[in-house]
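> Kindly return the folded structure for what I paste below:
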Amino acid sequence: MAFLVRGAGEAFLLTHRAVLFDFDGTILDTETPEFEEWREAFRARGHDLTLEVWQHSVGTVGAYDPCAHLADLTGVPLDHEALRQQVYARHQTRCEAQPLLPGVVDRVREARAAGLKTAVASSSISEWVEGWLARHRIRDLFDAVCTRDQVAQVKPAPDLFLLAAARLGVAPEECLAFEDSPNGIRAARAAGMRCVAIPNPLTRHLPLGEADLVVESLADHSLDEILRRVRPSDAPSL
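Next up, the predicted model:
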């Protein structure tokens, strides 16, 4: 699918053969409840967890350890595994009540109807991602699902997006990635892909300026409109 896009006084012929979606925060907002549950765990012990600190964990794995941080703040030994399980259980329950983010299914269906390949590229484990896709009955909308247990490095490294492109049989520059976080945007750009950012309630407070385009919601714009508005620089908001 080719579009003529004009920006910064130049014309760019963009050819798209695939669209790649992040999962957490882009297809389903699992990120806001996770942050809120960890924040409650901190507050229950007399401390606060700020988004400024938490943001480093969004869209990646291993960049921030809330248990170690809380133990340092309290000066009291913590059963890290027990605390993680408690937070995870509450997080899981809240995610079960979360709907798919607006416009995601419509945009994926538009892509497939137009003959584009589709994939999920997520820093979460396969069991987590596949489980939610199956629960919401949208697994069959994606030609490939790539997760952290299938690559050497997660976002902001490009491995997940490069794996998705390889499985779809398309070149990275022919892919458009949809992301919600700075780490995800950096991963897409490192893979040589253009990237559209769709901030959720948590990530709209984070810097997303490295994306080629920022949209408030996928429900507000057709895939055709988004593809026509993608620019290689100076990311505008729709």
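> is it true that Thr60 lies in a strand?
No: counting by DSSP: H, G, I helix; E, B strand; the rest coil, Thr60 is located in no strand; its state is coil.
> Need the pLDDT of it.
Per-residue pLDDT puts Thr60 at 93.
> where does the chain have low pLDDT?
Residue ranges of the chain with pLDDT under 70: 1-14, 231-238.
> Mind naming the longest helix for it?
Taking DSSP state H as the criterion, the chain has its longest helix at helix 80-96.
> Give me the distance between the helix or strand that that helix is followed by and the centre of its chain.
Per DSSP states H and E, the first helix or strand lying C-terminal to helix 80-96 is helix 104-113. Centre-to-centre, helix 104-113 and its host chain are 17 Å apart (C-alpha atoms, centre = their mean, to the nearest Å).
> other SSEs contacting helix 104-113?
Packing partners of helix 104-113 (3 or more C-beta pairs under 8 Å, 6 or more residues apart in numbering; DSSP states H and E): strand 18-21, strand 117-121, helix 223-229. (Glycine included, C-beta is placed from N, CA and C.)
> Select, out of the ones you listed, the one closest to Glu130.
Nearest of those to Glu130, taken as C-beta to C-beta: strand 117-121 at 9.1 Å.
> name the helices or strands packed onto the next helix or strand after that closest one?
Counting by DSSP H and E, the element after strand 117-121 in chain order, helix or strand, is helix 126-135. In terms of contacts (3+ C-beta pairs under 8 Å, 6+ apart), helix 126-135 is packed against strand 144-146.
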